[in-house]
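S.K.: pasted the sequence and its predicted model underneath.
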Amino acid sequence: MLKRWTCLLALTLITQVASAQSPYPSRPITFILPFSAGGATDIVSRALAEDMSKRLGQPIIVENRPGASGMIGTNAGAKAAADGYTVLLTPTQAILNNQFLYARLPYDTRKDLAFVTEVCSASVLLVVNPRVPVNSVRALLDWSARNRTNLGSWGIGSFGHLASAHLARTRKADFTHVAYKGEAPMIQDLVGGQLDMAFISAFGAKPFIDSGKLRVLAVTSEHRLPVLPNVPTLAEAGLSDPEMQPTGKLVMMVPAATPAPIVERLEQAARAAIGTDAMRSRMRGIGLEPIGNSGKQALASYEAMYPVQQRLVQLTGARLD
């Protein structure tokens with residue numbers, strides 16, 4: 001009997017060692033997305049998962065875990081096993097702005113997570129309801145200085161909220177901020193005339209711009225969008241403030257203790273996928289700008305954004321707890 005148990009124990013240990021030494025990946029990978037399905041970043045994440053699964057030789061399951069301004073899904077990704085089989089795809093809202101909006105977070109971006117790559121940046125459009133009698137950013141600011149202007153955002157601490165507070169403080173415009181729980185209801189009220197203006201995603205705005213239900217004045221990206229080539233950037237329109245530049249990015253991350261070879265494998269596969277013509281075309285077609293940088297570059301980008309976002313949140317005095 002003892003000999004039998006000894007043999008079983010030996011076989012178990014051999015199996016565990018063999019499993020530990022199996023080349024990565026040897027089983028399916030899960031992408032955690034801390035936002036709902038159907039949006040632009042969700043579409044890109046699923047396309048990225050499809051491409052990367054072919055490169056890595058394993059299925060990639062996309063799991064949406066929305067809620068609490070991205071904290072629920074981000075915390076799940078940060079606290080997952082550090083073995084490369086759970087990958088976080090998160091907007092910078094969850095790993096950057098939330099640090100200043102909440103007194104405490106269940107995760108520490110710098111300590112609990114490691115950067116793999118920045119997938120893309122999300123362009124935001126400054127749009128108005130057509131009844132607002134302006135056709136440029138300058139005219140809008142002049143009009144808003146004389147008229148109380150209802151400005152919508154998709155939530156406290158969102159880019160629209162922070163950008164409007166910055167403009168109100170630096171350009172003396174009279175904005176009344178209205179926060180919504182998401183972009184869809186905000187767009188509905190903007191089209192309906194309950195709001196005068198908003199900063200909204202290119203993906204959400206374009207159908208209404210094409211139909212004439214919204215008028216676009218500028219885009220926050222560094223360069224003009226291929227899908228809206230005649231729309232100037234905010235810098236071209238006279239707003240070159242660092243606080244008004246695009247900060248919303250989709251970032252790929254893993255738990256901090258993930259072995260370096262696994263992080264490198266994921267980085268290589270992700271950057272190769274992002275670099276394809278098909279992926280870049282797909283991103284740009286919905287108002288996203290592909291990035292695909294290294295983990296070190298992604299970390300440097302995060303560190304550069306940190307003080308700018310901190311100033312913006314402190315300017316508004318916004319809190320979410």
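M.R.: Alright, I've got the coordinates.
S.K.: most centrally placed residue in the protein?
M.R.: Centroid-nearest residue in the chain, with Cα atoms, centre = their mean: residue 91, separated by 2.5 Å.
S.K.: and residue 91, what are its bridge partners?
M.R.: Here residue 91 sits in beta bridges with residue 250, as judged by DSSP bridges.
S.K.: and the pLDDT for it?
M.R.: For residue 91, the pLDDT comes out at 89.
S.K.: list the contacts of it.
M.R.: If a contact means Cβ atoms under 8 Å, 6 or more residues apart in numbering, then residue 91 has 34-35, 41, 70, 122, 248-251 as its contacts. Yep, even glycine has a C-beta here, placed from its N, CA and C like the rest.
S.K.: follow-up on the earlier one: now the residue nearest to the centre of the chain: how far from residue 119?
M.R.: Distance of residue 91 to residue 119, given as Cβ to Cβ, to the nearest Å: 10 Å.
S.K.: same thing with residue 99?
M.R.: Between residue 99 and residue 119 the computed distance is 21 Å (Cβ to Cβ).
S.K.: so these two - more neighbours on which side?
M.R.: Between residue 99 and residue 119, residue 119 has the larger neighbour count (other Cβ atoms under 10 Å), namely 26 against 18.
S.K.: the stretch 51-200 of the chain: helices as residue ranges?
M.R.: With DSSP state H, counting those that start in this stretch applied, the stretch 51-200 of the chain shows helices at 71-78, 92, 98-101, 109-112, 137-146, 159-171, 183-192, listed in chain order.
S.K.: mean pLDDT for the ones you listed: which is lowest?
M.R.: helix 159-171 (a mean of 81).
S.K.: in that helix, what's buried?
M.R.: For helix 159-171, burial by neighbour count (16 or more other Cβ atoms under 10 Å) applies to 159-168, 171.
S.K.: close enough to count as contact, residue 176 and residue 153?
M.R.: No - using Cβ atoms under 8 Å, residue 176 makes no contact with residue 153, being 11.5 Å away.
S.K.: who's more crowded, the two?
M.R.: Taking other Cβ under 10 Å, residue 176 and residue 153 do not tie; residue 153 has more neighbours (24 against 13).
S.K.: for the more buried one, give its distance to residue 175.
M.R.: From residue 153 to residue 175 the distance is 10 Å (Cβ to Cβ).
S.K.: following the lowest-mean-pLDDT helix or strand in the chain, which helix or strand shows up next?
M.R.: The weakest-scoring helix or strand in the chain, judged by mean pLDDT, DSSP states H and E, is helix 2-20 (a mean of 46). Following helix 2-20 in sequence order, the next helix or strand is strand 29-33 (DSSP states H and E).
S.K.: residue 268 is nearest to which of the helices of the stretch 51-200 of the chain?
M.R.: helix 71-78 (20.0 Å; Cβ to Cβ).
S.K.: give me the angle between that closest one and strand 29-33.
M.R.: Helix 71-78 and strand 29-33 are oriented at 150 degrees to each other (axes from the mean of the first three to the mean of the last three Cα atoms, to 10 degrees).
S.K.: for the closest residue to residue 47 other than its chain neighbours, pull up the helix or strand it's in.
M.R.: In space, and not counting its chain neighbours, residue 47 is closest to residue 282: 5.9 Å by Cβ to Cβ, 6 or more residues apart in numbering. Taking DSSP H and E as the definition, one finds residue 282 inside helix 277-285.
S.K.: need the next SSE after that helix, C-terminal direction.
M.R.: Downstream of helix 277-285, the next assigned helix or strand under DSSP H and E is strand 288-290.
S.K.: picking up where we left off before, how much space between the residue nearest to the centre of the chain and residue 22?
M.R.: In terms of Cβ to Cβ, residue 91 sits 33 Å off from residue 22.
S.K.: same deal with residue 170?
M.R.: Taking Cβ to Cβ, one finds residue 170 at 56 Å from residue 22.
S.K.: thanks a lot, catch you later.
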